[in-house]
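1. sequence plus predicted model, see below.
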Amino acid sequence: MCFTSVANHSGKISIGEISQGKLYISMSGGCQGCPSYQVTLRQGLEVILKKIAPKIEEVVDTTNPSAGKQPFYPSHEEAL
């Protein structure tokens, strides 16, 4: 479900490396610069990954949110 939501919002999750129980990822596309990307990461992706790959102890986010050019929900827009 998490991965479908990311794709539907023109987002992308890239795996950098796995080292000593840490998985390094970055989010781009509609996720990069979106104020909700941390929720997607911590409550969606991280939960799913820890279930299917219990040796992953930590997901390290290397995303630079300020570099996003077209976030799905721009942070300057007011929430409904």
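-> Okay, I see it. Numbering: from 1, shown residues only.
2. tell me where the chain has strands.
-> Under the criterion DSSP state E, the chain contains strands at 11-19, 22-29, 58-61.
3. most packed of the ones you listed?
-> Compared across the strands of the chain, strand 22-29 shows the largest average neighbour count, a mean of 18 (mean count of other Cβ atoms under 10 Å). Using the backbone N, CA and C atoms, a C-beta is placed for each residue, glycine as well.
4. might you report the residue contacts of the closest residue to Ser28 other than its chain neighbours?
-> Excluding the flanking residues, the one nearest Ser28 by Cβ to Cβ, 6 or more residues apart in numbering is Lys12, at 4.8 Å. Applying Cβ atoms under 8 Å, 6 or more residues apart in numbering, we find Lys12 in contact with Val6, Met27, Ser28, Gly29, Cys31.
5. grab the two from these that are most spread out in space.
-> Farthest pair in the contacts of Lys12 (Cβ to Cβ) is Val6 and Ser28. Separation: 10.2 Å.
6. by mean pLDDT, point me to the weakest helix or strand of the protein.
-> helix 2-8 (a mean of 77; mean pLDDT, DSSP states H and E).
7. pretty sure Lys50 sits against Ile56.
-> Yes: the pair Lys50 and Ile56 passes the contact test of Cβ atoms under 8 Å, sitting 6.0 Å apart.
8. any idea of the pLDDT on the residue nearest to Ser28?
-> Lys12 carries a pLDDT value of 88.
9. nearest residue to the residue nearest the centre of the chain in space, please, no chain neighbours.
-> Residue closest to the average C-alpha location in the chain (Cα atoms, centre = their mean): Leu41, at 4.1 Å. Nearest non-adjacent residue to Leu41, counting by Cβ to Cβ, 6+ apart: Asp61, 5.9 Å away.
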